[in-house]
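> sequence-free structure coming up:
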C-alpha cells in the first residue's frame, strides 16, 4: 500500500470545532518559536544634515539649513560708515533692515567684488539675524553627518573656529552657530557728535 497524503484543508477551528489537544500544542509551539526569536533590530537611520552649497572666492562652501532663514538676491545695499571692513552695509528685506557681512573678508578669503549674481544668505540664531554675501548659490542637499571630516583636514588659512568640517567632495562647511554667537560680529559703537 502506498502512503496516503494528508489532506490540507481547513483547520478544525476554521470549521467551528475545537482543535484536538495535539493541534493546540502544535499551534502554541509555533507561536512560542516565533515569539522567542530574536528581533531583528532596525539599524538606526543614518544621521544626516541638510546644507546649502554656495561659492565664495572660487571655492565651494556650505551652511546647515537649520541656520538659514532664506536666500535673497543682493539689491539696494546701503553702505554703513564707521564699521569694520567685513560689514558691507545694510539691506532692506521686505521691510526688515539687516546687516550684510562680507564673509570672505571676515574669513580672510580673496575677494572678487560685487556682481549682479551675488546672493544673500540670511542667517538666524536666537534673536540675531544677518545676511552674508555669497558669490553664487549651488543648491540644497542632504549629507551623512559621519562623512564630515574635521576642519584640520582643510589645511587652508581659514580660522578653524568658524568651520564645522569638510565633506568628501572638499566642500567646507561653515559653523553658522559659532559665527552668529561670536562677539566680533556684534558692533555696538556710538559715534559722538
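Arrived safely. Bear in mind that the values here come from a model prediction, so they are computed numbers and not experimental data.

> next one: phi and psi at residue 169?
According to degrees, to the nearest 10, the main-chain angles of residue 169 amount to phi -90, psi 10.

> Residue 184 versus that one, what's the distance?
Remark: distance between residue 169 and residue 184 (Cβ to Cβ, to the nearest Å) = 29 Å. The C-beta positions use only the backbone N, C-alpha and C, and glycine is treated the same way.

> need the helices for the protein, in chain order.
Counting by DSSP state H, the segments of the chain that form helices are 21-36, 103-106, 176-181.

> how much space between residue 56 and residue 26?
The gap separating residue 56 from residue 26 is 70 Å, by Cβ to Cβ.

> Next, the contact list for the closest residue to residue 88 other than its chain neighbours, please.
Residue nearest to residue 88 in three dimensions, not counting chain neighbours: residue 100, with 4.5 Å by Cβ to Cβ, 6 or more residues apart in numbering. Neighbouring residues of residue 100 by Cβ atoms under 8 Å, 6 or more residues apart in numbering: 74, 77, 87-91, 120, 130-133.

> Residue 137 now?
Going by Cβ under 8 Å, 6+ apart, the list of residues near residue 137 reads 52-54, 71, 119, 121.

> Please produce a ChimeraX select command covering the buried subset of those.
In ChimeraX syntax, the buried subset of the contacts of residue 137 is picked out as below (16 or more other Cβ atoms under 10 Å):
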select :52,53,54,119,121
